[in-house]
Structures are given as C-alpha cells and as structure tokens.
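Colleague: Okay, structure incoming, though there's no sequence with it:
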Ligand SMILES: CC(=O)SCCNC(=O)CCNC(=O)[C@H](O)C(C)(C)COP(=O)(O)OP(=O)(O)OC[C@H]1O[C@@H](n2cnc3c(N)ncnc32)[C@H](O)[C@@H]1OP(=O)(O)O
Ligand SMILES: CC(C)C(=O)C(=O)O
Ligand SMILES: [Mg+2]
C-alpha cells in the first residue's frame, strides 16, 4: 500500500480562524500531541508573522523529534530567512513557501504579471533550499488558476528544488468530481512531476473539503493531505484530519493507502485543540463528536446489541473514545488517576504536574459524585486559574444576586506577581463579574461572544465557558471550566485577557517585513 503523508496545519491555518489565536505554550502542547498522534508534518506557524510565532516554531523545533516541523513563508526573502532560522534546530525541517497563481490574485492582490510570479516562486524555492532539502511550494488559489500556467509554475518550482507541490483549493470553490481530475491533469502536464510529492489543501466553504481532498488523492494521485484537527481553519475551516484519516483506514479496499496516524489519539487531540482554542466540537461531528458513536433509536440499539457492525463502521475505541473501566471519584487514588490521564493522551511533563492536578481532581470530586473524562481534561485545560506564566490569574470570587437587587461581584485576582481585589455592580451576575475585572484591568476590549456548555451531561456538570474578546483588531478566545459557571466565566474572561496581553501588537509587527 502507498503511504499518504499527513500534513497538519492546525497551528498555522487553524490559527487563522478568528478567535483561535494560541499562546506559545499552547502551541507547544498541541505540537507534542500532534507528534504523539503520528502526523508526518506539523506546520507550526508563520515565522515572519510575529516574534511570538517565530519563538513558538523555534521551541517546537527543539522539542519535536519524529514529525517534520514546518514554517510557512511568502515568496519573500525575509519571510524565508525567518522560517529558516525558526526551524534550524528541528530534527526534520521543512520550509513551505507559496504565491498565488490565479488571474484574480495575481492582478488584483499581488499586482504582478504571471512571468514575475514564476520568477518570484523560483527565487523563493532556491533560497528555501539553502536552509533545508525539504521544500514545499504552494500555488495559492490553484483551483481557480489557468491549468497551463499552473503546470508551468509547478515545473519551474520542481526544477528549482521543491520536493512537495501543493495545489490548494484556497477558497473552497472546487467540486469533488472535478478536483481530482484537475490534479491529475496538472500532474500529467508537468514533465518532471515524478520528482515531487503532490499535495492538496482544501477549504470547507461549501462543505466539501474532505470530499475534495479524497478526490485529489484517489483520482489526482496526491500523496500528501493538508488538514487540521476538528477542521479548524480560515473562514469555514480546512479539511478535517480525523475524517480523511478514518476514511482511508475504514475503506482500504478503495483507497489502498496507509498513514502513520495512531488513530487512538484522534479524540484526545480533538479535545485538546477544542479546549485550547475554545471552539467546541459539534455533537454530530464525524469521528470526534460526542454523538459519533451514540445510538438513540430502538431499531439501531437492537442491531448494535446483536452485532455492533450492523450500525457501526468503525470502533469507538479505535479513534480514542475510552471505555469507562474504572469509575473515578473522591475515593480514587493517584494510580487510577494517572492511568486515565494516559488513556486520554493528556501531555503531562512531570510528577509535580500530576500531583497538582490530582489535588484539583480531589477538590472537584468533593463537589461532584462522578468524574467524567471531560472533567479530567478540564483539569488540564488552560484557564485563568492556572499559573502557566500568565499575567493575570483567578483567585476567588464573591458574587451576590438577590431578586430586586443589582447583582454585585468582588473578584480577587493576581496581576504580575501581586494580588488585587476589584468589584463592581452589573446587569446580571456574569456582567457584574466582567465589570469588576474590567474596573481594574481597563483593557478596552469588547465582548463579542459568551457561551456556556455543560461539558458533562448532568446538573452537577462542569461549566465550560468561552469568552471571545476583541481589541484593536485582535480577536481572542478564553476558556474557563468550573462546577460554578460564574467562576468559570471569570476564569474564561481572565484567560482571554492573558491572550490579549500575549498577542501584543508590538510583537505582531516585529518581523513583519514589507514585500520588496
Ligand atoms: C491562503 C493563506 O492562508 S496565506 C497565509 C495567510 N496568513 C497570514 O497572512 C498570517 C500571517 N501574516 C502576517 O503576519 C502579515 O500579513 C505579514 C507579516 C506576512 C505581512 O505583513 P505586511 O508586510 O504588513 O503586509 P500585508 O499583510 O498588509 O499585505 C501582504 C503583502 O504581501 C504580498 N503577498 C501576499 N502573498 C504573497 C506571497 N505569497 N508572496 C509574496 N508576496 C505576497 C501582498 O501582495 C501584500 O503586498 P503589498 O504590501 O506590496 O501590497
Ligand atoms: C498557504 C496556502 C497553502 C493556504 O493556506 C491556502 O491556499 O489555503
Ligand atoms: Mg489554507
């Protein structure tokens, strides 16, 4: 069977989803989980975008050993130099350089002629090869490009040293029946096509990213798929990694391909990305949604009881849904707790971290009779209550609401090294908490979204709150979890403020170099 290269771009294209901005620590955590998942390439970011992204790629490069670490760069000298520097320490490294090839992008965005675009692409690939032998070239908006021109630029990019050629459906315009044929057509036109691995990168604007990607593989002969966890990504998102991987695994008769993915890590990875970004996974999402393996109707339940394969084409445990063998509660000990952490694929680095989480677990178990996997995940989710080098931290909360009275909140929080108390009245309990925090922080941020999910199904569930703030054109999500949703809201707000603090506009500008 042929090998299908899985290129994960959760940390780059996924981060382009408004609100999905990740801190360096969060990126490192996700990268380590992606390595555990077995992805071949981790696109860790866009080194020239900011100092923060550069440093995150650098850290990921020094920690990840199995997967190739990649940085995106425009076909711009300075971008490529930054990418080259950022991935220098990686055991396996790739530079991914791109330029748009469709008439609309070349004329209206780049203001370049097709000849200038080819020249720029060739120069970029040659420069990238000075940093690594593994260079990917992408023809942005390939699916709306003229096939003859696209074939020409791909041929030149391969001659210049590109080892992977990626043909993206940048705006999600492609149709599955035609897209595979389009890829095959371009490959056939390129005389040196066998010198590179062909790749596809599809967006989900019309809900066809997975279908288009698989058509690119099956009909077009692509052997690299670019995708993201939970389909996160620019606008409507990218092709979902878990969907393409399980399609290939479930239908080997058809695809005749294999991947290096350890599919048991799919659900833990999905949960980690969801908790870090604050983008909940819809219950009916394929593979990783809470209902993906649930049977609610009698005829289906009857069938599954008699033989699971009547209604299941995959096994839940093969994609990482854990079977509750041990029920965790306040009487559980460290060993059972540790085992569940391992089963859930939660990346813990030290015994100290486990012990601290165990104390939080015991505290939670005192408040809840049954502890679910989601509760355990939430103990490790970044929130305002965990130090994680955050500028602000949540300490405690005193909130009062009485019928006929204005709700009041007093919040104790950390700022830098010290502790402060701040208070305010609001229209409701949550409003009072946010106003209390703002009375001190004065961030000037606008609250764009507030949502609460009960992450386990009962009235004593943990409340998982997402707060989206925008400030000076930056959009961030903060996540907070707590059995008390008012405290969860305070934690989420503080987590969002920390992200705004880290996504410093000064940082965002350093390294941003104008196109020559
Ligand atoms: C399809 C995709 O997903 S592409 C990746 C999108 N991701 C991002 O843009 C995130 C990171 N981006 C950034 O941080 C910034 O846009 C930077 C640092 C790359 C550039 O910032 P700035 O120099 O301020 O330029 P700005 O973003 O306003 O405009 C982009 C410029 O790059 C040019 N450009 C765009 N793509 C390319 C390319 N692939 N190769 C060369 N030039 C390009 C544009 O024509 C424009 O040039 P102009 O300034 O001469 O008009
Ligand atoms: C940079 C490229 C690969 C991209 O993200 C796109 O075209 O969608
Ligand atoms: Mg994209």
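Modeller: Here it is on my side, so go on. As the structure is a prediction and not an experimental result, all values here were calculated from the model. Ligands and ions are numbered 1, 2, ... in the order given.

Colleague: got the contact list for the strand or helix carrying residue 245?
Modeller: Using DSSP states H and E, residue 245 sits in helix 241-250. Here helix 241-250 makes contact (Cβ atoms under 8 Å, 6 or more residues apart in numbering) with 4, 6, 8, 10, 39, 210, 213-214, 217, 225, 227-231, 255, 257-259, 261, 263, 266, 270, 286-288, 313-314, 319. All C-beta atoms are positioned from the backbone trio N, CA, C, and that covers glycine.

Colleague: What's the mean pLDDT across that helix?
Modeller: Average pLDDT, helix 241-250: 98.

Colleague: buried ones in it?
Modeller: Within helix 241-250, the residues that count as buried by 16 or more other Cβ atoms under 10 Å are 241-249.

Colleague: Let me have those residues in CSV, extended by distance to ligand 1.
Modeller: Formatted as CSV, the buried residues of helix 241-250 follow (distance: Cβ to the nearest ligand atom, whole Å):
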residue, distance to ligand 1
241, 17
242, 21
243, 20
244, 19
245, 22
246, 25
247, 24
248, 25
249, 28
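
Colleague: Between those residues, which sits nearest residue 487?
Modeller: Of all the buried residues of helix 241-250, residue 487 sits closest to residue 242, with 32.1 Å by Cβ to Cβ.

Colleague: Apart from its chain neighbours, what residue comes closest to that closest one?
Modeller: Nearest residue to residue 242, sequence neighbours excluded (Cβ to Cβ, 6 or more residues apart in numbering): residue 287, at 4.2 Å.

Colleague: three-state assignment of the one you found?
Modeller: At residue 287 the chain is in coil, as set by DSSP: H, G, I helix; E, B strand; the rest coil.

Colleague: Report the separation between it and residue 313.
Modeller: The spacing between residue 287 and residue 313, counted by Cβ to Cβ, to the nearest Å, is 11 Å.

Colleague: what helices or strands is the helix or strand just after the helix holding residue 245 leaning on?
Modeller: With elements assigned by DSSP H and E, the helix or strand that comes after helix 241-250 is helix 252-255. Using 3 or more Cβ pairs under 8 Å, 6 or more residues apart in numbering; DSSP states H and E, the elements in contact with helix 252-255 are helix 209-218.

Colleague: The helix it packs on near ligand 2 at all?
Modeller: No. Against ligand 2, helix 209-218 shows no contacts by Cβ under 6 Å from any ligand atom, the least distance being 10.4 Å.

Colleague: Which residues does that helix contact?
Modeller: Under Cβ under 8 Å, 6+ apart, the answer for helix 209-218 is 4, 167, 169, 172, 174-177, 179-180, 183, 200, 202-204, 222-223, 225-227, 231, 237-240, 243-244, 247-248, 254-255, 257.

Colleague: next one: it to chain centre, how far?
Modeller: Relative to the centre of its chain, helix 209-218 is centred 20 Å away, using Cα atoms, centre = their mean, to the nearest Å.

Colleague: Which residues of the stretch 201-350 of the chain lie near ligand 2?
Modeller: Counting by Cβ under 6 Å from any ligand atom, the residues of the stretch 201-350 of the chain close to ligand 2 are 201, 203.

Colleague: Mind jotting down where the helices sit in the stretch 201-350 of the chain?
Modeller: 209-218, 241-250, 252-255, 266-277, 298-306, 334-343 (DSSP state H, counting those that start in this stretch).

Colleague: one step back: going through the contacts of helix 209-218, which ones are buried?
Modeller: The neighbour count (16+ other Cβ under 10 Å) marks 4, 167, 169, 172, 174-176, 179-180, 183, 200, 202-204, 222-223, 225-227, 231, 237-240, 243-244, 247-248, 255, 257 as buried among those.

Colleague: which SS state does the residue of the chain most remote from its centre fall under?
Modeller: Of all residues in the chain, residue 404 sits farthest from the chain's C-alpha centroid, using Cα atoms, centre = their mean; the distance is 44.5 Å. Judged by three-state DSSP, the three-state class of residue 404 is coil.

Colleague: so who does it touch?
Modeller: By Cβ under 8 Å, 6+ apart, the contact list for residue 404 is empty.

Colleague: thought residue 476 was touching residue 469?
Modeller: Yes. Residue 476 sits in contact with residue 469 when judged by Cβ atoms under 8 Å, with a separation of 5.7 Å.

Colleague: and for the two, which residues touch both?
Modeller: By Cβ under 8 Å, 6+ apart, residue 476 and residue 469 have these common neighbours: 496, 500.

Colleague: Sketch out the low-pLDDT regions of the stretch 401-516 of the chain for me.
Modeller: 454-462, 503-516 (pLDDT under 70).

Colleague: ok, residue 466 touching residue 479?
Modeller: Yes. Between residue 466 and residue 479 there is a contact at 5.6 Å, judged by Cβ under 8 Å.

Colleague: so what sits against both of those two?
Modeller: Shared contacts of residue 466 and residue 479, defined by Cβ under 8 Å, 6+ apart, comprise 278, 492.

Colleague: Quick check: residues of the stretch 201-350 of the chain near ligand 1?
Modeller: Residues of the stretch 201-350 of the chain lying close to ligand 1 by Cβ under 6 Å from any ligand atom are residue 234.

Colleague: And the residue of the stretch 201-350 of the chain found nearest ligand 2, how far from residue 147?
Modeller: Residue of the stretch 201-350 of the chain nearest ligand 2, by Cβ to the nearest ligand atom: residue 201 (4.7 Å). From residue 201 across to residue 147, the span is 18 Å (Cβ to Cβ).

Colleague: And residue 109, by the same measure?
Modeller: As judged by Cβ to Cβ, residue 109 and residue 147 stand 20 Å apart.

Colleague: Next: residue 227.
Modeller: Counting by Cβ to Cβ, the gap from residue 227 to residue 147 is 24 Å.

Colleague: near ligand 1, which residues of this structure show up?
Modeller: 13, 16, 46, 48-49, 74-76, 98-99, 109-110, 140, 170, 234, 512, 514-515.

Colleague: Just confirm residue 286 contacts residue 239, I think it does.
Modeller: No. Counting by Cβ under 8 Å, residue 286 does not reach residue 239; the two are 11.8 Å apart.

Colleague: quick revisit: of the buried residues of helix 241-250, closest to residue 274?
Modeller: Nearest to residue 274 among the buried residues of helix 241-250, counting by Cβ to Cβ, is residue 242 at 12.0 Å.

Colleague: Could you measure from that closest one over to residue 93?
Modeller: Using Cβ to Cβ, residue 242 is found at 26 Å from residue 93.

Colleague: Likewise for residue 20?
Modeller: Distance, residue 20 to residue 93, by Cβ to Cβ: 25 Å.

Colleague: Comparing these two, which residue is more hemmed in?
Modeller: residue 20 (24 against 21; other Cβ atoms under 10 Å).

Colleague: so who does the residue lying closest to the more buried one once chain neighbours are set aside touch?
Modeller: Sequence neighbours aside, residue 277 is the residue nearest to residue 20 in space, at 4.4 Å (criterion: Cβ to Cβ, 6+ apart). When contacts are counted by Cβ under 8 Å, 6+ apart, residue 277 touches 14, 17, 19-20, 22, 232, 477.

Colleague: got the contact list for residue 308?
Modeller: Contacts of residue 308 by Cβ under 8 Å, 6+ apart are residue 315.

Colleague: what about the residue of the stretch 201-350 of the chain found nearest ligand 1, neighbour count?
Modeller: Nearest residue of the stretch 201-350 of the chain to ligand 1: residue 234, at 5.5 Å (Cβ to the nearest ligand atom). Residue neighbour count, defined by other Cβ under 10 Å, stands at 22 for residue 234.
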